[in-house]
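Asker: I'd like to go over a predicted model; first the sequence, then the structure.
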Amino acid sequence: GNPADDTLSFTGTSTANNYVFKLDSASYVTIKNLTLGSTATSTYSGKILMTWDASYDSVINCCFYNNFTTVTTGSTASSVLAINFVGNDNVFMNNTFLGAGYGIYWSGVNQGIVHNRNSILNNTFTNQTYMSIYNYYGDNVKMRNNTFTSSGSLSSGYYGIYNYYTNGDVNISSNTMNLTTTSTGTVYGINAVYCYGAPGNPAMSPKFNDNKITLTSTNSVTMYGLQVNNSAYDSVARNKIIATSTSSSTFYPLYNTYNSNCYVGYDTVVSTSSTGGCYTAALQYCVNSRAENLDITQTTGSTGYNIFYGLNYSHGSIFTNNKFRANTNTTSSTYRMEFYGCANTNGGISSNNDAMIKGSAYYHYNYFGQYTNDCIIENNTIVDTNTYTSGYIYGMYAYGATNKTYGNTRISNNKITTSSYYVNYGLYFYYGYRATVNNNIIKARSSNSDCYGMYWPNPISGNTVYNNAVSARGSYTMGLYYYQQLENFSRF
């Protein structure tokens, strides 16, 4: 049927009558092929109210519309509302949600009393003023194949999907988002916090896969594409995130932080901010996790950082076969390019990664071996060109500690090529302890300043350096600078 043929409209005036349908512990109810409307311009926009243990209900091929003219963040401004909800196996499918503060607002009672196995499938959400989907204390939820469109002034911010405190087979995948803002409120495509899976059981673990998110801004704003944090055993795979700004926006297209035993793989990020910055995090404060086959391209402007946290504060984790392309356009000493290939980590592996960095910035830092212990850094390729006349390059920046806290890192079989107008360091290693640096190919060039192929001041003890091929050329050149008694050197 055609939902436009059957319209039910009601405008609530309080929480007591803020609905068209109330499913009060009702089960096996189907609402289908209807248009459900509200003429409210703020506060009350309820169409379906679900209470307590309403279960096995279906809402199919309906249109929910609202004529909001103001931004409203209260839950009563939801087309579908369920608070203190413990129902299960409900389905919303093939519906259209237009306007309102929220499209669907589902909330259980607490972490032990939740709603379960509810699904939001193949729906269209357009211009909610605050959140399209809000899910809190709901386990094994499915949100798949939905389309989200939001445009205009989002002065209070916006969330496409906000998923909070959920466990098990959470599947937020294959969604499409086109989010555009002209205001300064923070925008999130998908924001997932405290989502926990089952050890050794991928079928019962959160999945954030195959989503396509497009972020567009014409103002100075912060926008997140896909953020997952404080979670465990989650998968973030095959997502494509495109972010574009004609202003000084700051983008976080993919941001995976404070997670454990997570997998990040085969995601694509293309971010361009004309005067702003970009921060992408594959493994940032993640434990026993893996990131692989990522394709990250970031272009940043005069007032923004260009930062990729590949492997940072992520003990026991692996960062491998990733591609990073960065273009910087700033001359400020405040803003810089920073690639954390392996930093602040114990027992990590960074291998077979490919970085190509170019543009103008005061500093280009590639952190490989900074404050690391028992890490392996091998078979990586870094090509870095800094065109700023006062800009520094650190092809690989490995900074240890003044004591023996950090050590036993191996840097092997890497290819480092750096080119600059100003000071250039191919491999910069400060305070090394029991480190092995071998079989690396380093080519450093400075057209108008100091150039060091390998710069190693104040090593502590127990270091081994051999079989490296180092070429350096500048107005002042050193192939190797090692400021202490030579030890365990052979065939440099």
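Answerer: Okay, I see it. Residues are numbered from 1 along each chain as shown.

Asker: I'd say Asp204 and Thr166 touch.
Answerer: Slight slip there: residue 204 is Met, not Asp. No - with contacts counted by C-beta atoms under 8 Å, Met204 stays clear of Thr166, the gap being 12.0 Å. Every C-beta, even on glycine, is put in place using the N, C-alpha and C of the backbone.

Asker: neighbour count winner among these two?
Answerer: Thr166 (27 against 17; other C-beta atoms under 10 Å).

Asker: for the more buried one, phi and psi?
Answerer: When quoted as degrees, to the nearest 10, the phi and psi of Thr166 stand at phi -130, psi 150.

Asker: Quickly list what it is bridged to.
Answerer: The residues paired with Thr166 through beta bridges, assigned by DSSP bridges, are Cys195.

Asker: Now do the contacts for it.
Answerer: In this structure, Thr166 makes contact with 114, 135, 137-141, 192, 194-196, 206, judged by C-beta atoms under 8 Å, 6 or more residues apart in numbering.

Asker: Which of those fall within strands?
Answerer: Secondary structure assignment (DSSP state E) places 135, 138-139, 192, 194-196 from these within strands.

Asker: are any of the residues you listed buried, and which?
Answerer: 135, 138-139, 192, 194-196 (16 or more other C-beta atoms under 10 Å).

Asker: Now distance to Thr372 and pLDDT too, for the residues you listed, in a markdown table please.
Answerer: Below are these laid out as a markdown table (distance: C-beta to C-beta, whole Å; pLDDT from 0 to 100):
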| residue | distance to Thr372 | pLDDT |
| --- | --- | --- |
| Asn135 | 38 | 98 |
| Gly138 | 39 | 97 |
| Asp139 | 37 | 97 |
| Ala192 | 29 | 98 |
| Tyr194 | 29 | 98 |
| Cys195 | 29 | 97 |
| Tyr196 | 28 | 97 |
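
Asker: and the two most separated of the residues you listed?
Answerer: With distance counted by C-beta to C-beta, no two of those lie farther apart than Asn135 and Tyr196, which are 14.2 Å apart.

Asker: list the buried ones in stretch 175-184?
Answerer: Neighbour-count burial for stretch 175-184 flags 175-181, 183 (criterion: 16+ other C-beta under 10 Å).

Asker: what's the spacing between it and its chain's center?
Answerer: On the basis of C-alpha atoms, centre = their mean, to the nearest Å, the separation between the geometric centre of stretch 175-184 and that of its chain is 16 Å.

Asker: Now do the end-to-end distance for it.
Answerer: Across stretch 175-184, the terminal residues are separated by 25 Å (C-alpha to C-alpha, to the nearest Å).

Asker: any idea of the mean pLDDT for that stretch?
Answerer: Averaging pLDDT along stretch 175-184 gives 90.

Asker: Contacts for it next, please.
Answerer: The set of residues external to stretch 175-184 that reach it, using C-beta under 8 Å, 6+ apart, is 143-155, 158, 160-161, 187, 189-190, 211-221, 223.

Asker: Filter these down to the buried ones.
Answerer: Burial by neighbour count, judged by 16+ other C-beta under 10 Å, picks out 143-150, 154, 158, 160-161, 187, 189-190, 211-217, 219, 221, 223 from the contacts of stretch 175-184.

Asker: Give me the subset of the residues you listed that lies in strands.
Answerer: Filtering those for strands - DSSP E - leaves 143-144, 147-150, 158, 160-161, 187, 189-190, 212-217, 223.

Asker: Mind pulling up the pLDDT for the nearest residue to Asn116 once chain neighbours are set aside?
Answerer: Counting by C-beta to C-beta, 6 or more residues apart in numbering, Asn116 lies nearest to Asn88, which is 4.3 Å off, once chain neighbours are set aside. What the model reports for Asn88 is a pLDDT of 98.

Asker: and the host helix or strand of Val80, what other elements does it pack with?
Answerer: When elements are defined using DSSP states H and E, Val80 is found to belong to strand 78-82. Contacts of strand 78-82 with other secondary structure elements, assessed using 3 or more C-beta pairs under 8 Å, 6 or more residues apart in numbering; DSSP states H and E, are made with strand 48-51, strand 63-66, strand 102-107.

Asker: to the chain's geometric centre, what's the distance from the next helix or strand after the last one?
Answerer: Of the helices and strands lying after strand 102-107 in sequence (DSSP H and E), the nearest is strand 115-116. Here strand 115-116 shows a centroid-to-chain-centroid distance of 27 Å under the convention C-alpha atoms, centre = their mean.

Asker: So which residues make contact with strand 115-116?
Answerer: Residues from elsewhere that reach strand 115-116, judged by C-beta under 8 Å, 6+ apart: 82, 85-89, 106, 108, 137-141.

Asker: buried subset of those residues?
Answerer: Neighbour counting with 16+ other C-beta under 10 Å marks 82, 85-89, 106, 108, 137-141 as buried within these.

Asker: So which residues of the stretch 151-300 of the chain form helices?
Answerer: Ranges of helices within the stretch 151-300 of the chain: none, based on DSSP state H, counting those that start in this stretch.

Asker: related to what we said a few turns ago, let's see the strand holding Val80 as CSV, backbone CA atoms only.
Answerer: Taking only C-alpha atoms (Å, rounded to 0.1, in the frame of the first residue of the first chain), the coordinates of strand 78-82 have been written out as CSV:
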residue,chain,number,x,y,z
SER,A,78,11.2,11.5,19.1
SER,A,79,9.1,10.0,16.3
VAL,A,80,9.5,6.6,18.0
LEU,A,81,10.2,6.6,21.8
ALA,A,82,10.9,3.7,24.2
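
Asker: and that strand, how far from the chain's centre?
Answerer: Here the centre of mass of C-alpha atoms in strand 78-82, compared against the chain's by C-alpha atoms, centre = their mean, lies 28 Å away.

Asker: and if you look at stretch 407-420?
Answerer: For stretch 407-420, the distance to the chain centre is 27 Å (C-alpha atoms, centre = their mean).
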